[in-house]
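Asker: Sequence isn't available, so here's the structure alone:
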């Protein structure tokens with residue numbers, strides 16, 4: 001979820017790229033899972049996150065590990081936390097992530113964040129978010145551990161732009177129309193498996209969504 005805060009108050013004041021070294025290395029978080037607790041509705045999932053977790057049956061994923069939430073009028077999936085303990089539903093009894101290889105992009109990013117400005121984004125370090133001691137410097141590209149990173153970064157920027165535009169439009173929609181758009185969003189990007197190469201199919205679906213949205217709005 002986006003945060004509307006003064007970046008100078010929560011960061012070290014720098015903008016980073018994936019090629020930069022950042023002091024965030026934490027020895028594979030040995031003995032610590034603080035960032036996996038009490039993150040209700042903060043770990044929003046994007047389509048690639050759900051695609052990463054494609055080995056998990058979609059019904060299981062949606063029923064046991066994901067909850068739907070409203071963000072600026074638009075319904076999006078988020079990681080579910082246990083109601084009593086506040087722990088991520090993927091955290092095992094040993095306090096380790098049971099889907100580490102498939103973990104969402106926000107989890108890979110932490111304790112870094114993204115700041116969107118001037119039609120692009122940079123990474124920034126959230127200076128007070130991780131208390132793990134004696135951190136070491138790591139190249140951010142390695143930390144993110146995401147294949148085809150340039151394609152991924154372009155996709156993240158395009159998804160962010162698309163979502164913001166949709167949220168702006170949602171503020172002027174009637175309730176019934178918005179429900180149709182929300183279902184279209186979920187069905188187009190999250191509920192249907194990606195059979196082709198992800199990025200190619202994502203952009204095809206992006207075009208499809210635009211056409212279907214116009215049809216819904218024209219029927220009003």
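Answerer: Received it, and whenever you're ready, just let me know what you need. These numbers come from a predicted model, not from an experiment. Numbers count the residues shown, from 1 in each chain.

Asker: Could you count how many residues lie near residue 77?
Answerer: 23 (other C-beta atoms under 10 Å). Yep, even glycine has a C-beta here, placed from its N, CA and C like the rest.

Asker: er, residue 52 actually
Answerer: Here the number of neighbours of residue 52 (other C-beta under 10 Å) works out to 20.

Asker: how much space between residue 139 and residue 149?
Answerer: When distance is defined by C-beta to C-beta, to the nearest Å, residue 139 is 11 Å away from residue 149.

Asker: Quickly list what's touching both of these two.
Answerer: Counting by C-beta atoms under 8 Å, 6 or more residues apart in numbering, the contacts common to residue 139 and residue 149 are residue 18.

Asker: any idea how far the helix or strand hosting residue 153 is from the chain center?
Answerer: Following DSSP states H and E, the helix or strand that holds residue 153 is helix 149-170. Its chain's C-alpha centre and that of helix 149-170 lie 11 Å apart, by C-alpha atoms, centre = their mean, to the nearest Å.

Asker: For that helix, buried residues please.
Answerer: Neighbour counts over helix 149-170 (16 or more other C-beta atoms under 10 Å) mark 152-153, 155-156, 159, 163, 166, 170 as buried.

Asker: now stretch 54-64
Answerer: 56, 61-62.

Asker: ok, now stretch 131-141?
Answerer: Neighbour-count burial for stretch 131-141, counted by 16+ other C-beta under 10 Å, picks out 132, 138, 140.

Asker: all helices for the chain, in order.
Answerer: All helices of the chain, identified by DSSP state H, fall at 7-10, 47-52, 58-60, 105-109, 140-144, 149-170, 175-189, 198-218.

Asker: Please find the angle between the direction vectors of the helix holding residue 153 and helix 198-218.
Answerer: If you take axes from the mean of the first three to the mean of the last three C-alpha atoms, to 10 degrees, helix 149-170 sits at 10 degrees to helix 198-218.
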